[in-house]
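S.K.: Structural data only, the sequence is not supplied:
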């Protein structure tokens, strides 16, 4: 059961794309004012009401698991919903701003609780909004021109706090070509989280991730999730069916 839980959690960090023109990301970063970089970033932030996508996800950790197919639906700021399958339906997951729920058809078990399950996987506390930001290629934390310093680094703008936070360090890289997130890192004691966006595609005149790579380390425990995106549609009328079947056993963490 733990394998399925880990794969479902890993599948949280997914967004998707459709067939369109791929960004080359060959634009060199030039010296710019912090407020100019932040303004360009803000202009390219995710602004759709809903997302519907088909995805493939691959998890690697102590034990490598086979890739799974995921149907992803997002209602901005409200719901993140997934249906996971591998030849047959495995289960469903639903996340709202204050709750995480999923059930596993193979073992007839379910989870109904808070974000501690996801935080344990990442090695860092996380909120619904931050998960949503990861999925759409936005930074985990808002970029405040008064708190961050920015330097051009080859094809990227390196964004980091003028003064690092007390308990952890953060770093963002933005592509100079589209001011979307190339990488974001959080380091806390012996815990490390890295989310990379190797490439973007322009969908409906806006750049979105083509793939996402996530690495999480807590001491000697390392996990990673690789994402391949198959199709995506925006602003469709979506349903989010989710009902825990009767007779399933609750998972206690």
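M.R.: The structure has been received and is ready for your questions. Quick caveat: nothing in here was measured; it's all calculated off a predicted structure. Numbers count the residues shown, from 1 in each chain.
S.K.: okay, CA-based contacts and neighbour counts for the rest of this
M.R.: Noted.
S.K.: quick one, strands of the stretch 1-150 of the chain?
M.R.: Along the stretch 1-150 of the chain, counting by DSSP state E, counting those that start in this stretch, strands occupy 50-60, 68-75, 79-86, 88-96, 99-104, 109-113, 148-153.
S.K.: With mean neighbour count and mean pLDDT added, can I get these in TSV?
M.R.: Formatted as TSV, the strands of the stretch 1-150 of the chain follow (neighbours: other Cα atoms under 10 Å; pLDDT from 0 to 100):
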stretch	mean neighbour count	mean pLDDT
strand 50-60	21	88
strand 68-75	22	93
strand 79-86	20	93
strand 88-96	19	92
strand 99-104	21	93
strand 109-113	18	93
strand 148-153	18	93
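S.K.: For these, give me TSV that also has distance to residue 235.
M.R.: Formatted as TSV, those follow (distance: least, Cα to Cα, whole Å):
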stretch	distance to residue 235
strand 50-60	5
strand 68-75	9
strand 79-86	14
strand 88-96	19
strand 99-104	24
strand 109-113	28
strand 148-153	33
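S.K.: Residue 27 is nearest to which of those?
M.R.: The closest of these to residue 27 is strand 148-153. By Cα to Cα, the value is 11.1 Å.
S.K.: How about residues contacting that closest one?
M.R.: 29-31, 34, 157-162 (Cα atoms under 8 Å, 6 or more residues apart in numbering).
S.K.: With neighbour count as added columns, please give the residues you listed in CSV.
M.R.: Listed next are the contacts of strand 148-153 as CSV, based on neighbours: other Cα atoms under 10 Å:
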residue, neighbour count
29, 19
30, 14
31, 11
34, 18
157, 27
158, 22
159, 21
160, 18
161, 18
162, 12
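S.K.: Show me those residues that map onto helices.
M.R.: Counted as lying in helices by DSSP state H, out of the contacts of strand 148-153, are residue 34.
S.K.: which of the contacts of strand 148-153 lies closest to residue 172?
M.R.: residue 159 (5.0 Å).
S.K.: Dig out what the closest one forms beta bridges with.
M.R.: Residue 159 forms beta bridges with residue 150, residue 172, as assigned by DSSP bridges.
S.K.: from memory it sits against residue 171, does it?
M.R.: Yes: Residue 159 lies in contact with residue 171 (Cα atoms under 8 Å); the separation is 6.0 Å.
S.K.: circling back: which of the strands of the stretch 1-150 of the chain sits closest to residue 38?
M.R.: Per Cα to Cα, nearest to residue 38 of the strands of the stretch 1-150 of the chain: strand 148-153, 9.3 Å.
S.K.: Any idea how far that closest one is from the middle of the chain?
M.R.: 23 Å (Cα atoms, centre = their mean, to the nearest Å).
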